[in-house]
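Peer 1: Need coordinates for the below:
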Amino acid sequence: MNFKPLHDRILVTRLDEQTATIGSIIIPDSAKEKPQQAHVAAIGNGRLLESGERVALDVAVGDLILFGKYSGAEIKLEGKEYLILREDEILAVIG
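Peer 2: The predicted structure follows:
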């Protein structure tokens, strides 16, 4: 895949959610919440300041991150689902 996000945007893949049934209740896929953890797949060059200086991102490819529930834009590349986030939508780097 040849994909490079621009500026302070980050391409991530959501982690698969473990499906556990309690008491034989099956929750349909449409009612399940999407995971809020992801692996960073690609990053942009960083935020561009008004002075023309570029600030590097605080995340790197391969990092495990936590992001807000309604953050980002979902896209599909080569049949795989991704999410594009801005750096300020990332809440934490895990580990």
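Peer 1: quick one: contacts of the helix or strand bottoming out on mean pLDDT in the chain?
Peer 2: Lowest by mean pLDDT, DSSP states H and E among the helices and strands of the chain is strand 47-48, with a mean of 89. Around strand 47-48, the neighbours that count as contacts under CB atoms under 8 Å, 6 or more residues apart in numbering are 7-8, 54-55, 57, 87. Just so you know, the C-beta spots here come from the backbone N, C-alpha and C atoms, and that holds for glycine as well.
Peer 1: Starting from the next helix or strand after it, tell me which strands it pairs with and how they run.
Peer 2: On the C-terminal side of strand 47-48, the nearest following helix or strand under DSSP states H and E is strand 54-55. When pairing is defined by DSSP bridges, strand 54-55 lines up against strand 47-48 (antiparallel).
Peer 1: any chance you could map the helices in this structure?
Peer 2: Counting by DSSP state H, one finds no helices in the chain.
Peer 1: can you pull out the strands in it?
Peer 2: Under the criterion DSSP state E, the chain contains strands at 9-14, 37-43, 47-48, 54-55, 64-67, 73-77, 80-86, 90-94.
Peer 1: Determine which stretch of those is the most buried.
Peer 2: strand 9-14 (a mean of 20; mean count of other CB atoms under 10 Å).
Peer 1: Would you pull up how far that one lies from the middle of the chain?
Peer 2: Relative to the centre of its chain, strand 9-14 is centred 3 Å away, using CA atoms, centre = their mean, to the nearest Å.
Peer 1: average pLDDT for it?
Peer 2: Average pLDDT, strand 9-14: 94.
Peer 1: How about stretch 50-64?
Peer 2: For stretch 50-64, mean pLDDT rounds to 93.
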